[in-house]
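Participant: using only what follows, build the 3D model:
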Amino acid sequence: MNPKTIVIAAGGTGGHIFPALSVAQAFKKSHSPVSLLWIGTYRSREVELCKKSTIPIMILDVIGLKRRIGFQSIIAVVSFARAVLSVMCQFTKHRPDAVIAFGGYVCAPVLAAAALKKIPIYLQEQNTVAGMVNRFFLRYAKKTFLGFPLAGKSPTLQTSELTGTPVRTQVQSFESFPYPQKLDKTRKTILICGGSQGAQSMNDGLIDAVVQWSMQKLQIIWQTGTASYKALSTRFVADKNIFIFETLDDLYPFYAVSKIIIGRAGASTLAEIAYFGLPCVLIPLPWASENHQWVNAGLVQMQGWGIRIKQDASTGKNIIAAVSAILSDDHKYNAMCMKALDNSPAEAADKIVSAIRKDLKL
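Facilitator: Below you'll find the predicted structure:
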């Protein structure tokens, strides 16, 4: 019997790519034979990650649609139309049994082609506010897998399932991981990470807080992103309590040695933090589409394992107070850890794969 073919559509940012990769890996581990095809772009990390995971990939040259009408919007529409035709040709030659899309502009032509070809569509929405592409294609989806409950005016979905946002499972301890030589894994450590794109404006508001934490002999691991790296690494080059990285390909070893996480409120980051059972202080990206990070962080705060801080002139002072409140109270700290684990999406990828396999009678 020929294996079923599943198309995975994802690209753009780590928030879309890493949940997709987790589901792809779960499919590869499943007992029934499945053939995978990833459709993405050349502008992000999916090419590299697919190569490492031996997943075939089809590249689309497509750009995001601008909200304002102009020349770039015309280019985006033309690239979208070409991409739809390209995907339809692929689906005519090798018709897949299902398409699962993880949001972002690269998914739009894949989903459009699938809808036109009447191929079953599945969506995975990471955030509390559904993205524009997922919102449009909800009506065509056989099932939508939710990372968080949808908030506000989002439509009520009869075909949705709350699975959590898929994360990689931890298959090893990190005892042999090559941490920086002077990193002391026994000390209280704060991990600051601004997501896969970095967070320069957030970093600027944290400098005074980092100085104070260092004076208190706390250890800080800081993933700055490219824009902030040179200035911050130069400023703190002599501070032995601060470890600065431009980027970290794998945050898991650093979650494992950290007591608390400070960062943005992207859904994939939150899923990983919950998976490791860690409290967090969140500074949502102020210009995230439809302010979805603010809503994500609000849900985490309501669930009891994070504190939401607005990015403004008082960010540094408020962050210092929030971190102190968590780390100085063992009872509160342990309670927040348990709340994080209560919301861990450890089984999300397996739940998604199981649901699709059941539909496809695998």
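
Participant: low pLDDT regions in the stretch 151-300 of the chain?
Facilitator: 152-158, 195-198 (pLDDT under 70).

Participant: so where do the strands sit in it?
Facilitator: 160-162, 189-193, 219-223, 242-245, 260-263, 280-282 (DSSP state E, counting those that start in this stretch).

Participant: nearest to L341, of the ones you listed?
Facilitator: Comparison of the strands of the stretch 151-300 of the chain against L341 by C-beta to C-beta identifies strand 280-282 as nearest, at 12.9 Å. C-betas here are computed from N, CA, C, even on glycine.

Participant: quick one: contacts of that closest one?
Facilitator: Strand 280-282 is contacted by residues 260-265, 270, 273, 293, 296-297, 300-301, 305-309, 319, 322-323, 326, 340 when judged by C-beta atoms under 8 Å, 6 or more residues apart in numbering.

Participant: switch to 10 Å and redo it
Facilitator: Strand 280-282 is contacted by residues 190-192, 209, 258, 260-266, 269-270, 273-274, 293-294, 296-298, 300-301, 305-309, 318-323, 325-326, 336, 340 when judged by C-beta atoms under 10 Å, 6 or more residues apart in numbering.

Participant: on that earlier part again, reformat the strands of the stretch 151-300 of the chain as a markdown table; add mean neighbour count and distance to S354.
Facilitator: Converted to a markdown table, these look like this (neighbours: other C-beta atoms under 10 Å; distance: least, C-beta to C-beta, whole Å):
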| stretch | mean neighbour count | distance to S354 |
| --- | --- | --- |
| strand 160-162 | 15 | 10 |
| strand 189-193 | 24 | 31 |
| strand 219-223 | 23 | 33 |
| strand 242-245 | 20 | 36 |
| strand 260-263 | 24 | 30 |
| strand 280-282 | 25 | 29 |
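
Participant: including distance to M132, could these go into JSON lines?
Facilitator: Formatted as JSON lines, the strands of the stretch 151-300 of the chain follow (distance: least, C-beta to C-beta, whole Å):
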{"stretch": "strand 160-162", "distance to M132": "18"}
{"stretch": "strand 189-193", "distance to M132": "26"}
{"stretch": "strand 219-223", "distance to M132": "28"}
{"stretch": "strand 242-245", "distance to M132": "32"}
{"stretch": "strand 260-263", "distance to M132": "24"}
{"stretch": "strand 280-282", "distance to M132": "23"}
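
Participant: quick one: the helices in the stretch 151-300 of the chain?
Facilitator: 200-215, 226-235, 252-256, 267-275, 292-303 (DSSP state H, counting those that start in this stretch).

Participant: what about T5, which helix or strand?
Facilitator: strand 4-9 (DSSP states H and E).

Participant: send the alpha carbons of that strand over as PDB?
Facilitator: Output of strand 4-9 as PDB, limited to C-alpha atoms (Å, rounded to 0.1, in the frame of the first residue of the first chain):
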ATOM      1  CA  LYS A   4      -0.300   8.700   2.500                       C
ATOM      2  CA  THR A   5       1.200  12.000   1.600                       C
ATOM      3  CA  ILE A   6       0.900  14.900   4.000                       C
ATOM      4  CA  VAL A   7       1.900  18.500   2.900                       C
ATOM      5  CA  ILE A   8       3.200  20.700   5.700                       C
ATOM      6  CA  ALA A   9       3.000  24.500   4.900                       C
END
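
Participant: I'd like the mean pLDDT over that strand, please.
Facilitator: Strand 4-9 carries an average pLDDT of 96.

Participant: same check, this time on stretch 331-344
Facilitator: Stretch 331-344 comes out at a mean pLDDT of 97.
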